[in-house]
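> build me a model:
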Amino acid sequence: MTDDKSYDLIVVGSGNGACGFLSYYLQNAADRSTPEQILVVEEGEHFFKTSDIAHQLNWLKSFSEGKIFKLHNALTPDGTPIISGRACTMGGGGSINYTMLHESSEWLATHIGHTADYWNDLKAELNERFARPEPTKDLSPITQHLLQVAESVGFKHCTDTLHNIPNHPESDADLLHPFPTPFNQFGQRTHSGVSLVNWFDKRVELKTQSRVERLELADEQGESVRCVALQVKDFNKGEMQRFSLKNDGRLILCAGAATPRLLLPHWKKLQNNEIGQHVSDHLLLPLGLYLPVKGIEITPRDNYIPLFATTIWQPQQHGRTTVCTFDFFAGNFQRLLFLLSHLFLALLLPNWLKKIVLRAPWLFSITKNTVRVFIQIVNFIINLFWGLSNLLQGQPWPKEVELVTAIIKFKPASEGCYSSDGARIILDFFAEDEHTGFNQDKEVAKSTIAKHLKLMNQLGHQPHWLVKCFIRLLTQLPYEEKQVAHYVDVYSKKFLLTEQHLAGGCLFGKAIDKGLDNAMDTGKLYGSANVYVADLSAVPLPRISPQMTAYLIGFHVAKRLCHDLAS
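Prediction:
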């Protein structure tokens, strides 16, 4: 193992939380007689040296490849496998799917501390750095269509925005949130979360394709434990390296799901048994496949349509209020194939095979490619018969198929946790209340899908009845209200899939300090002298897409630390 130089600050990960942290820290912690030496360690590839996600048309393919998408070994308490993973890129998953929607300031105040006004001001400061355009201008035809049909069934346009980035308010209404994207009209990426950071700052050393394998912790005088070094696997060199922290150095963990995993081996030493607890991810249920309405053009930037629709599930007798979100996708079948194969991997494989796939990344890649080939063969057969049918009727050979589809996601009722060794993630999906037998997740899915099936069926035209029957034979996807309950029941037993939004494991006020008494302690791991958490591990799973929350947490921790330095 090679022993490298020591650093004032080491940031593990360069995802959403790290970009938020570094964007503030680099700008506001510069007034030192000796400039700090900052190391950023990233498992994924260098953002500026790969073209994989430089264009909207590539993000689906990028996300489906093993070098960017890392699969978790996730299970329910009874052992049902869950297809769950994370994007491993600079800028995090948000650098690919670019979703922008803030959790409410009231929610943030409850779970992280401070006032709603504090969070409103912090959002405005962060959002200004994104410099995003007004999202309702220059809408693509399919986005305009979705807005119109959603408003026709009772959804209202949410006007709660800060610097053009929407905010989810504390409201019971069905809301529409157009959000700004980093792509221009040609689908070219012009800005994303990674753009928040000056990666060419002389203080920053960026080390990509490197995974932190272990933290070295040493006892300090008193009760605190100090991180003195990191052991890092360099994939390019195929060797282990050691990076040290200076005596007054700090470690900032922004590694997402890896943050609790790195800390779990040390929980006894830290006397912090909250590490790895209170974990969750959004349940994701795929919905029907539709053909676009004739005359509505699908553009290169529509693979991920920049529009969220949120609805509230209110319990009638049992359960807690839940926010459900609809995401929309459209495009050429061959491009959407990567998304479809990823979703259908959960829908097509039996549970016994999925359990094996979760533990073997190489088998995951083989299986996903097999599913992809299967879908392509089915698509070829459908196109062949469709084309021959058109020719027999004197019509031209049809163009390549384009599709519109949607997913629904929501926070499950019960929290999960990491296993004691960190090898597995236990997510308690579709759990029954031990006293009443009530299953909130099933009720949320059944009632919300049934309530909004009219919206889904206006996305476009349903496919030919033979095609629809084949889709339902494999997946049970519902097109009619009477089909919803069976779909949810089958899904809960066989098709479990998450939105790759894993959160929790090191919560503010439980595993880490809220910093309400001392700004220097914001995000500091209890039992540690110099380890901080500044990513989604620090909060419960937000009710809506969490990318902006992750940016905001990193930004918040950096601002509090810099405020202390300034004072």
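> partner residues bridging Tyr290?
Counting by DSSP bridges, Tyr290 is bridged to Val404.
> OK, contacts around it?
403-405, 456-457, 459-463 (C-beta atoms under 8 Å, 6 or more residues apart in numbering). All C-beta atoms are positioned from the backbone trio N, CA, C, and that covers glycine.
> quick one: which of these has the most company?
Counting neighbours by other C-beta atoms under 10 Å, Leu459 leads those with 28 neighbours.
> can you pull the contacts of it?
146, 149, 288, 290, 328, 404-406.
> what about it, which SS state?
Using DSSP: H, G, I helix; E, B strand; the rest coil, the structure places Leu459 in coil.
> what's the pLDDT at it?
Looking at Leu459, its pLDDT is 94.
> so it versus Gly288, what's the distance?
Leu459 sits 8 Å away from Gly288, going by C-beta to C-beta, to the nearest Å.
> got it, and Glu432?
Relative to Gly288, and taking C-beta to C-beta, Glu432 is found at 28 Å.
> between the two, who's got more neighbours?
Ranked by neighbour count (other C-beta under 10 Å), Glu432 and Gly288 place Gly288 first, with 23 against 14.
> of the contacts of Tyr290, closest to Arg242?
Thr405 (47.4 Å; C-beta to C-beta).
> list the contacts for that closest one?
By C-beta under 8 Å, 6+ apart, the neighbours of Thr405 are 286-290, 328-330, 336, 459.
> looking at those residues, spot the one nearest Arg129.
Phe328 (27.2 Å).
> now do the SS call for the closest one.
strand.
> before we move on, the earlier item: adding distance to Thr498 as columns, could you present the contacts of Tyr290 in CSV?
Putting the contacts of Tyr290 into CSV (distance: C-beta to C-beta, whole Å) gives the following:
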residue, distance to Thr498
Leu403, 23
Val404, 23
Thr405, 18
Met456, 21
Asn457, 26
Leu459, 23
Gly460, 26
His461, 30
Gln462, 27
Pro463, 27
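> so Val194 is in contact with Gly20, correct?
No: using C-beta atoms under 8 Å as the test, Val194 is too far from Gly20 to be in contact (11.2 Å).
> for Phe69, give the beta-bridge partners.
Phe69 has these beta-bridge partners by DSSP bridges: Ala87.
> for Phe328, see how far away it is.
21 Å.
> I'd like the mean pLDDT over the lengthiest helix in the chain, please.
Across the chain, the longest stretch assigned as helix under DSSP state H is helix 361-392. Averaged across helix 361-392, pLDDT comes to 81.
> other SSEs contacting that helix?
Judged by 3 or more C-beta pairs under 8 Å, 6 or more residues apart in numbering; DSSP states H and E, the packing partners of helix 361-392 are strand 69-71, helix 333-348, helix 351-359.
> if we can go back for a sec, any common contacting residues for Leu459 and Gly288?
Here Leu459 and Gly288 share the contacting residues 405-406, scored by C-beta under 8 Å, 6+ apart.
> so where is the stretch 301-450 of the chain shaky, pLDDT-wise?
Within the stretch 301-450 of the chain, no stretch has pLDDT under 70.
> repeat that for the chain.
1-3, 30-34, 51-57, 59-60, 63-66, 95-98, 187, 220-223, 564-567.
> follow-up on the earlier one: of the contacts of Tyr290, just say which sits nearest to Val488.
Lowest distance from Val488 to the contacts of Tyr290 (C-beta to C-beta) belongs to Met456, with 14.3 Å.
> residues contacting that closest one?
Residues in contact with Met456, defined by C-beta under 8 Å, 6+ apart, are 287-288, 290, 406, 449.
> switch the cut-off to 6 Å
287-288 (C-beta atoms under 6 Å, 6 or more residues apart in numbering).
> surely Glu103 meets Val539?
No: the pair Glu103 / Val539 is not scored as a contact, 8.7 Å apart, by C-beta atoms under 6 Å.
> immediately after the biggest strand by length in the chain, which helix or strand?
In the chain, taking DSSP state E as the definition, the longest strand is strand 239-253. Downstream of strand 239-253, the first helix or strand assigned by DSSP states H and E is helix 258-263.
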